[in-house]
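> please find the sequence and the predicted model below.
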Amino acid sequence: SLFADFEAGTYGPWTTTGKAFGDRPNTQQTIGKYQGDVKAAGKFFVNSHSQRVKDQVIHSDQPQGTLVSPAFTVKHNFIRLLVGGGSHKALTCVNLVANGRVVASLTGKSNNEMQVQWINTQKHKGKTVHLEVVDRHSGGWGNIGVDHIVFTDQGPTKAKSAPSLANHQRRFVSASAREK
């Protein structure tokens, strides 16, 4: 079930601290053009490199802050979300917080393009938790992007690995390579 996609153009019940997240979500048109297509799921998304405040937009990795979700009770096995931005552990990240402790954390991959990531919440079923989007880094890749947060029981699928070659196939490939 969809938890947050920011498509209302506001943070709604989420709370901000500091200046990193401005006063509302971004759009592809409000972020710096040099950030490229961030692969958001809809029109609005979180991006701490571009701070929207009233009618102004500032593009900078300098501001720091947090964006905190309302508390919720874990009922599903996973949280699926889009994450982009810096890869600084504990500094540019999305945290799952239970009883005041970070119990899971994701970072971007030092790329503005958001990618699907997963938080396994099976150990936390029945607990009251919240998500915390963190930007505590002002240097290079000091930003985090988030969008389309979904609670689901279906986890990530493992990519099928290529089947190994049988001995007779290996001999054929080796012989063919020597002939060329």
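Okay, I see it.
> wait, a helix at residue 34?
Yes: according to DSSP: H, G, I helix; E, B strand; the rest coil, residue 34 belongs to a helix.
> and it, how many neighbours?
8 (other C-beta atoms under 10 Å). C-beta: built from backbone N, CA, C; applies to glycine.
> do the one 10 residues further on as well
For residue 44, the count of nearby residues is 21 (other C-beta under 10 Å).
> the residue nearest to the spatial centre of the chain: which element?
With distances taken as C-alpha atoms, centre = their mean, residue 83 lies nearest the centre of the chain, 1.7 Å away. Secondary structure assignment for residue 83, by DSSP states H and E: strand 78-85.
> which elements pack onto the helix or strand just after that strand?
Note on strand 78-85: by DSSP H and E, the next helix or strand toward the C-terminus is strand 92-98. When contacts are defined as 3 or more C-beta pairs under 8 Å, 6 or more residues apart in numbering; DSSP states H and E, strand 92-98 packs onto strand 78-85, strand 101-107, strand 111-120, strand 128-135, strand 144-152.
> got the buried residues for the second one?
Right, strand 101-107. By 16 or more other C-beta atoms under 10 Å, the buried positions in strand 101-107 come out as 104, 106, 107.
> next one: stretch 58-78
61, 63, 64, 65, 66, 67, 68, 69, 74, 76, 77, 78.
> verify the contact between the last one and residue 118 for me.
Yes: using C-beta atoms under 8 Å, residue 78 is in contact with residue 118, at 5.3 Å.
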